[in-house]
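Participant: sequence unknown, structure follows:
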């Protein structure tokens, strides 16, 4: 489908996913992209408007071992505008980012943040949450914006129905999402053929929907799997259903997606969620927990989490986690970070986010090691037990 | 006076100021402290509550060539409490700071931030700006707090009279400040004699006051110069008087202070102010401009300042200043930083503060070079002209 990702002399694809090892249902893979090769399973670090919350820059992400950055199409379209970023040479140059970047489609934000939206077959008409101006976004618009941004991986424009939506609505919505996906694929093919496109090797991931209806999820997964995409995401989870419902959906859906492509579980989640989802075959994750929870003093450790706002840490000279190699734990104490958070000093949030992202990135590295060794099943249950013991 | 700073076998002082070179009235010196040796003239980077605004950590200050950090006694006394910092091993360990730290006396904040204050010969009774609780601070209390913090240099507790105060008030105030200074000196001597004191080599700088009355400034400068202190500050300037009044006060006051000790002009100022004050013999500076102005998009350059909020920078791919070696200019564009500031992203402020502090620190380095070469007088006038041309 994508001529730009194909070596014209041999006809071989230069970019794509390679399954390295299987351990039960867990997968160890790598994704070769125009912006470098990444090892899966991996956790994407969220840079909503082109920067990680907490004041972390590109050099910090490099120090944290970040493999892929996720940015939000909706936010960047509104501010500074994808045209501004295009004129600056694309999002990689704009952010000074040296890793692959995945951009979401904007769909999720349109459905959760935008005001007074109207869905038609063409797309969605909505009011900006910043200034209320009317904006139309459909599959073609989303692809054009993401092409302007020049991200490594673009996400298809989908509808993410509410987890409380009824069966009939979800069926109709999923069918539309499939039709939209075909339009996304055509539009990206067209955009990637232009000389002036920032990244002519942009990849496209489709998104599986179906709320908590297992049969709809299965049917939709089979439909999109036929489309020869660069990757497949599972959307619409972690939006209110129980963990058991989420794991059940993964149990029935992941086997219907190609194992020869990366599987991305969108917006998930806790370290426990990630360990469980990897056991079910998921490769890609993203979540705002490490940044959002850091703001409230919530620090992740391998024996569960601690909250630095607690008075017990007032004179605690130890790092957040003994033995942690992150830049925050190498120099700063719980007591100092607590003081910074309580004083509203930016450095406090930065150190929390630094530690929490390091924790997530390091967890993924441990996960990959366990799969490489073929011990994932026993290893992850011990890891879970350790976290719950804390 | 201070046995702890004296080598007991030879009677020689281990710590103190050495005048390296004079160029007109400009001085090149170095201050040897228990926390390392620094080169003057220098600009102290302000870490009010134990952290630089903008989320910069100790490792960033090292990358910016920061020589001395300034922290505020009043703020740290209220939060987290100097007892907390003492129990954590002092401010250097608490902040993970490897440079000398100067703490102010708390006096300036008591007079400018605290509420409902009452001044007596003993000290000042005031209400905290955080929770309104009553606090008493006098010379002994200020010295005890600064001794708890274990800073390299403690400032004497003084009264900073309003620049609008009448002559009679200023005379009485300055006399009290002299009596307070003697009490500070006695109390520090006592505190430095204790085994359990964090930094038994803590230095004491006295403060010259006198508002804009040249004769009061001169008389006070002569009085405090007799006291054999580690350094002498000029306080109560840059609080509403004109630049010409400030330069006049420096012209008459600096010659009355010992050239064999560092002279510190408190809270000053713009790059222009610093260039003029160095020409008049000042060694130490501090100011919140680089951090505070950074928040509003105000960036310093050698050809004047620019404001990144201006729409002309929307797609400007150049660094803040071409050729600048700061960590912000090495990787990020005006366009990107502008977007971050407009989006309220912490990284925007961090990059602004990084650039502005680098600019100030680099300016001081250029100033020292010019004095070393004996060309300060002509060099600084050219430098000023370049800044005003921009």
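Facilitator: That came in fine, so what should we check first? Computed from a prediction, not measured in an experiment: that's the story for all the values here.

Participant: ok and the residue in the stretch 101-250 of chain A nearest chain B?
Facilitator: Closest contact between the stretch 101-250 of chain A and chain B, by C-beta to the nearest C-beta, is at residue A:130 (9.8 Å). From N, CA and C alone the C-beta is placed, and that goes for glycine too.

Participant: Quick check: nearest residue in space to that residue, chain neighbours excluded?
Facilitator: The shortest distance from residue A:130 to any residue other than its chain neighbours is 5.4 Å, reached at residue A:78 (C-beta to C-beta, 6 or more residues apart in numbering or on different chains).

Participant: try residue A:45
Facilitator: Per C-beta to C-beta, 6+ apart, closest to residue A:45 is residue A:66, 4.6 Å.

Participant: who's in contact with the one you found?
Facilitator: Contacts for residue A:66 (C-beta atoms under 8 Å, 6 or more residues apart in numbering or on different chains) come out as A:45, A:99, A:357, A:361.

Participant: filter those residues to the buried ones?
Facilitator: A:45, A:99, A:357, A:361 (16 or more other C-beta atoms under 10 Å in any protein chain shown).

Participant: right, and the pair among the contacts of residue A:66 with maximum separation?
Facilitator: A:99 and A:357 (13.0 Å; C-beta to C-beta).

Participant: what sits in contact with each of these two?
Facilitator: Counting by C-beta under 8 Å, 6+ apart, the contacts common to residue A:99 and residue A:357 are A:61, A:66.

Participant: farthest residue from the center of chain A?
Facilitator: Largest separation from the mean C-alpha position in chain A: residue A:315, at 37.0 Å (C-alpha atoms, centre = their mean).

Participant: Count the residues that sit near the closest residue to it other than its chain neighbours.
Facilitator: Nearest residue to residue A:315, sequence neighbours excluded (C-beta to C-beta, 6+ apart): residue B:87, at 4.7 Å. Neighbours of residue B:87 under the rule other C-beta atoms under 10 Å in any protein chain shown: 15.

Participant: Buried residues in the helix ranked longest in chain A, which are they?
Facilitator: Secondary structure of chain A per DSSP state H: the longest helix is helix A:346-373. Buried residues in helix A:346-373, counted by 16+ other C-beta under 10 Å: A:346-365, A:367-368, A:370-371.

Participant: show me which of those neighbour chain B.
Facilitator: Among the buried residues of helix A:346-373, the ones lying near chain B by C-beta under 8 Å from any C-beta of the partner chain are A:346, A:347, A:348, A:349, A:350, A:351.

Participant: out of the residues you listed, who's nearest chain B?
Facilitator: residue A:346 (3.5 Å).

Participant: Just give the number of residues close to the residue nearest to that closest one when sequence neighbours are not counted.
Facilitator: Of all residues not flanking residue A:346 in the chain, residue B:55 sits nearest, at 3.5 Å (C-beta to C-beta, 6+ apart). For residue B:55, the tally of surrounding residues (other C-beta under 10 Å) stands at 25.

Participant: My guess is residue B:55 contacts residue B:346. True?
Facilitator: Yes - at 5.7 Å, residue B:55 and residue B:346 qualify as touching, with contact defined as C-beta atoms under 8 Å.

Participant: Next, show the common contact partners of those two.
Facilitator: Common neighbours of residue B:55 and residue B:346, using C-beta under 8 Å, 6+ apart, are A:54, A:55, A:346, A:349, A:350.

Participant: Where does the prediction get shaky in the stretch 101-250 of chain A?
Facilitator: For the stretch 101-250 of chain A, no stretch has pLDDT under 70.
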